[in-house]
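Trainee: sequence? don't have it. structure:
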C-alpha cells in the first residue's frame, strides 16, 4: 500500500469512528433505535419510504431529501431486507458525515423544480463511487449494519436461551 493510500484509509477510519460515536448509541442497536438516534442527532423528523419505481432504470438505490421540516429517505425495493437496509444506512451515513449540508447546485431550477437545489447537487456529484465521501459513507453504513445485525443476533440468542 502506498503511503497516500494508507493515510487515506486512516483518515476514513477516523471519520467513520467519529460519525458513529456521534450517535451516542451502544455497540449494538436496532434499526428503530438508530432511526430515533438519527432524529435526535439531526434535531428533525426522519421518514424512510420505499419508492418502488426507484432504481428500476436509473440505478439510484436511495435518495436523501432535506425538506423544510424533515429528512426524507426514499429507497428502492429489493427482495432482500438487508439490501434495502443498506440503501437506507448509506443515506444515514451521508447525514452523519455532513454531506450535502449547504451544497449548491448549478442545475437550473427548471430542470428539477420539485427537488431542493442542495439535494440536486448531492445527487449529481454522486457519480464516483470511489470518491472519499462515498467510501466513507459506505464504511459508516457497514458499521451501522454490523451493529444492527449484532443486536438481532443477541436478541435471538437471548430468546433461544431464556424463552
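Mentor: All right, it came through fine. Fair warning: this is a prediction, and the values are worked out from it, not measured in the lab. Residues are numbered from 1 along each chain as shown.
Trainee: could you report the neighbour count for residue 97?
Mentor: Neighbours of residue 97 under the rule other CB atoms under 10 Å: 19. (Each C-beta comes from the backbone N, C-alpha and C, glycine too.)
Trainee: and it, what does it touch?
Mentor: 15, 19, 133, 136, 137, 140 (CB atoms under 8 Å, 6 or more residues apart in numbering).
Trainee: contacts only, for the first one.
Mentor: Read it as residue 15. Contacts of residue 15 by CB under 8 Å, 6+ apart are 97, 136.
Trainee: what does the third one give?
Mentor: Residue 133 makes contact with 94, 97, 99, according to CB under 8 Å, 6+ apart.
Trainee: quick check, pLDDT for residue 71.
Mentor: Looking at residue 71, its pLDDT is 94.
Trainee: tell me, how many residues neighbour it?
Mentor: 19.
Trainee: report the secondary structure state of it.
Mentor: Here residue 71 is recorded as strand under DSSP: H, G, I helix; E, B strand; the rest coil.
Trainee: thinking again about what came up before, which of the contacts of residue 97 sits closest to residue 54?
Mentor: residue 137 (17.7 Å; CB to CB).
Trainee: flag the shaky bits of this structure, pLDDT-wise.
Mentor: Within the chain, the segments meeting pLDDT under 70 span 1-10, 56-58, 101-130, 155-163.
Trainee: all strands of it, in order?
Mentor: Assigned by DSSP state E, the strands in the chain fall at 45-50, 62-66, 70-75.
Trainee: closest to residue 35 out of the ones you listed?
Mentor: It's strand 45-50; of the strands of the chain, that one is closest to residue 35 (CB to CB) at 5.9 Å.
Trainee: which residues does the closest one contact?
Mentor: Here strand 45-50 makes contact (CB under 8 Å, 6+ apart) with 35, 38-39, 69-77, 84, 88.
Trainee: can you tell me which helix in this structure is longest?
Mentor: Longest helix in the chain by number of residues (criterion: DSSP state H): helix 132-162.
Trainee: buried residues in that helix?
Mentor: 133-141, 143-145, 147-148, 151 (16 or more other CB atoms under 10 Å).
Trainee: also stretch 94-103?
Mentor: For stretch 94-103, by 16+ other CB under 10 Å, it's 94, 95, 96, 97, 99, 100, 103.
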